[in-house]
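Engineer: Compute the structure for the input listed below.
(2 chains)
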Amino acid sequence: MKEQEIIQPRVLKGFRDSLPAVQIPKEAIITTLQRHFASYGFVPIDTPALEYMEILLGKGGGETDKQIFHFTDQGGREVALRFDLTVPFARYLAQHEHELALPFKRYHIDKVWRGENPQKGRYREFTQCDFDIVGVDNAESDAEILSLMASSFAKMNVDHARFHVAHRGMFNTLLCNLGVENLSVDILRLVDKLRKIGETETEEQLLALVQDERTARAILSYISKEDEHEPFLTTLDRLVTLLGGENEHTLRMRTIYSYLEAEGIEDRFLFDPSITRGLDYYTGIVYETFLEGSEHIGSVCSGGRYNDLASLYTKTHLPGVGSSIGLDRLLAALEDEYDYRAADVLILNTDEDRYTEAIKVAKRLREAGLKVALSFEPKKLASQYKWAEANAIPRAIILDQDEEGSFTLRDLTTRTNMVMSIGEAAALLKRNCLD
RNA sequence: GUGGAAGUAGUUCAAAGGUAGAGCCCCAGAUUGUGGAUCUGGUUGUUGCGGGUUCGAGCCCCGUCUUCCACCCCA
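Structural biologist: Coordinates of the predicted model:
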């Protein structure tokens, strides 16, 4: 026997394996979101991971183009992995516009790829949860996306999420008033960094860009907030004054806010005029979501209104608004805050002759809706308890009673035993099982 | 893609060019009346990987991979 050359097991930079302790809560969250999106009348779709290169290029801006994984396939086609779910969705809309009834509300949860340098909460392969409404441009659809964002985080039991909202149109009004709308892309990019580099530095860079002190200060006073927690309407009123009066955009924001009030969720939202979003395709409302205490991870749910996205692929006007939850980033921020278990109960193996009995008990408990694992070998109990703990299984059943249908149920967390019938055990376990 | 820091046992950390160590964890056995205590024994390991300098490298040098941080951008 020759010694075999071992291939070094490894994964690519920015790509990760998921152990069950990570994958179980991740899939639980996905299931929760799928159900929740459906409760708003959103429907699922799917698109290919791989697209023609030309489909994905030429909308996000030069920087995102550089991050696209692309190659030539065996047939000589220039292809690329999707780097978000929104651009493929725009292509999908153009391709199927006659098969879809507008307004179209879809959700899409899947992996995307970007060739960025990885950091915590930033990977080259990650999962996005997108939800969008296409075919209407009004406050009602804007507000429904915001409502769905807030309620999704509530469903995921994340209560420290803060939603920062702004409006591209309002900001562009300011730039027009100041006569610097031709610099809008550069200014937007700079303004986005306010939270990171501070007011002084922002003002200096603004001055270098617009070459006028009065203009630079006007922009800065628009995007700065003295009180970070200033109520939404107070900020909006202040900005309306700075813009010289109401316009269609400010009135849109007021209507959206009134819908949030009607739902009683308005205090979850802040008007944050420094939010602009790097992507060029946003035209109206924009938003980012931060977790208090984990701001360094960045936004865990962002999006906005894009009224011209599908125009790359069709002449039909298809306005849209949507948002995307960054699931991997969210899980990175939550770290160990989530709970998981491989099963609700483990049936211990004390005697090989009783395995048939174990199978019958397992079947009955599974029919009652429980997750049940069986111990395959009659190892000593300490060893079986440890296996259960390693798999986060909180209870064990020992088939040790001679009298019919009665056995020991052990709580592994408190290490206490109770003797009961199978029906009693099923009821007790059912009350304590997750989901 | 650019710049910086780090990488030693499953894990938390030592070893300032001279024989790779400690706690926790894990495994086997004894005893324990179906885990927690105690005792005995054991693996804790290609010091990320590959070269180089040296009598000798975990340590110095070069390259490379990965992670983390900053820039850039973003989920």
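Engineer: helices or strands up against the helix or strand that contains residue A:396?
Structural biologist: Element membership of residue A:396, judged by DSSP states H and E, is strand A:395-398. With contacts taken as 3 or more CB pairs under 8 Å, 6 or more residues apart in numbering; DSSP states H and E, strand A:395-398 sits against strand A:345-347, helix A:381-390, strand A:406-411, helix A:422-432. Backbone N, C-alpha and C define where each C-beta goes, glycine included.
Engineer: by how many degrees do the second one and strand A:406-411 diverge?
Structural biologist: Just to be clear, that refers to helix A:381-390. 50 degrees (axes from the mean of the first three to the mean of the last three CA atoms, to 10 degrees).
Engineer: between the helices and strands packed on strand A:395-398, which one is nearest to residue A:42?
Structural biologist: Nearest to residue A:42 among these is helix A:422-432 (30.4 Å), distances taken as CB to CB.
Engineer: residues in contact with the closest residue to residue A:420 other than its chain neighbours?
Structural biologist: Nearest non-adjacent residue to residue A:420, counting by CB to CB, 6 or more residues apart in numbering: residue A:409, 5.9 Å away. Residue A:409 makes contact with A:345, A:395, A:396, A:397, A:417, A:418, A:419, A:420, A:425, A:428, A:429, according to CB atoms under 8 Å, 6 or more residues apart in numbering.
Engineer: for the longest helix seen in chain A, packing partners?
Structural biologist: What stands out as the longest helix in chain A, according to DSSP state H, is helix A:20-39. For helix A:20-39, the elements it packs on are strand A:104-113, strand A:125-134, helix A:139-155, helix A:327-334, judged by 3+ CB pairs under 8 Å, 6+ apart.
Engineer: Highest mean neighbour count out of these?
Structural biologist: strand A:125-134 (a mean of 23; mean count of other CB atoms under 10 Å).
Engineer: dump the residue contacts of the nearest residue to residue A:205 once chain neighbours are set aside.
Structural biologist: Leaving aside its sequence neighbours, residue A:205 sits nearest to residue A:190 (CB to CB, 6+ apart; 5.6 Å). Applying CB under 8 Å, 6+ apart to residue A:190 gives the contacts A:202, A:205, A:206, A:209.
Engineer: Packing partners of the strand or helix carrying the first one?
Structural biologist: Using DSSP H and E, the element containing residue A:202 is helix A:194-210. In terms of contacts (3+ CB pairs under 8 Å, 6+ apart), helix A:194-210 is packed against helix A:184-191, helix A:213-223.
Engineer: Mind putting the ones you listed into JSON lines with mean pLDDT and distance to RNA strand B?
Structural biologist: As requested, the helices and strands packed on helix A:194-210 are exported to JSON lines (pLDDT from 0 to 100; distance: least, CB to the nearest atom of the strand, whole Å):
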{"stretch": "helix A:184-191", "mean pLDDT": "85", "distance to RNA strand B": "5"}
{"stretch": "helix A:213-223", "mean pLDDT": "90", "distance to RNA strand B": "16"}
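Engineer: and residue A:159, which of these is closest to it?
Structural biologist: Nearest of the helices and strands packed on helix A:194-210 (CB to CB): helix A:213-223, 28.1 Å.
Engineer: between that closest one and helix A:194-210, how many degrees?
Structural biologist: 160 degrees.
Engineer: Tabulate the CA atom coordinates of the helix or strand just after helix A:213-223 in CSV.
Structural biologist: Proceeding N to C from helix A:213-223, the next assigned helix or strand is helix A:232-243, under DSSP H and E. Extracted C-alpha coordinates of helix A:232-243, given in CSV (Å, rounded to 0.1, in the frame of the first residue of the first chain):
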residue,chain,number,x,y,z
PHE,A,232,-39.1,61.7,12.5
LEU,A,233,-41.5,64.6,12.0
THR,A,234,-39.3,67.1,13.7
THR,A,235,-36.5,66.2,11.3
LEU,A,236,-38.8,66.3,8.4
ASP,A,237,-40.2,69.8,9.3
ARG,A,238,-36.6,71.1,9.7
LEU,A,239,-35.6,69.8,6.3
VAL,A,240,-38.7,71.2,4.6
THR,A,241,-37.6,74.7,5.9
LEU,A,242,-34.1,74.1,4.6
LEU,A,243,-35.5,73.2,1.2
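Engineer: Show me which of the helices and strands packed on strand A:395-398 has the highest average neighbour count.
Structural biologist: strand A:345-347 (a mean of 26).
Engineer: In terms of helices and strands, where is the closest residue in space to residue A:52 that isn't next to it in sequence?
Structural biologist: Nearest residue to residue A:52, sequence neighbours excluded (CB to CB, 6+ apart): residue A:79, at 6.3 Å. Per DSSP H and E, residue A:79 falls inside strand A:78-81.
Engineer: Pull out the buried positions in that strand.
Structural biologist: By neighbour count with 16 or more other CB atoms under 10 Å, strand A:78-81 contains the buried residues A:79, A:80, A:81.
Engineer: go on, stretch A:241-251?
Structural biologist: In stretch A:241-251, counting by 16+ other CB under 10 Å, buried: A:243, A:249, A:250.
Engineer: I'd like the distance from the second one to residue A:133, if you could.
Structural biologist: In this view, residue A:249 and residue A:133 are 19 Å apart by CB to CB, to the nearest Å.
Engineer: Residue A:143 now?
Structural biologist: 10 Å.
Engineer: so where is the stretch 51-200 of chain A shaky, pLDDT-wise?
Structural biologist: A:58-64 (pLDDT under 70).
Engineer: Could you confirm whether stretch A:406-425 reaches RNA strand B?
Structural biologist: Yes - counting by CB under 7 Å from any atom of the strand, RNA strand B has neighbours in stretch A:406-425: A:408, A:410, A:412, A:415, A:417.
Engineer: The residue nearest in space to the middle of chain A in helix, strand or coil?
Structural biologist: Residue closest to the average C-alpha location in chain A (CA atoms, centre = their mean): residue A:325, at 2.0 Å. Judged by DSSP: H, G, I helix; E, B strand; the rest coil, the three-state class of residue A:325 is strand.
Engineer: and the nearest residue to it once chain neighbours are set aside, what does it touch?
Structural biologist: Leaving aside its sequence neighbours, residue A:325 sits nearest to residue A:129 (CB to CB, 6+ apart; 4.1 Å). Listed by CB under 8 Å, 6+ apart, the contact set of residue A:129 reads A:30, A:33, A:107, A:108, A:109, A:324, A:325, A:327.
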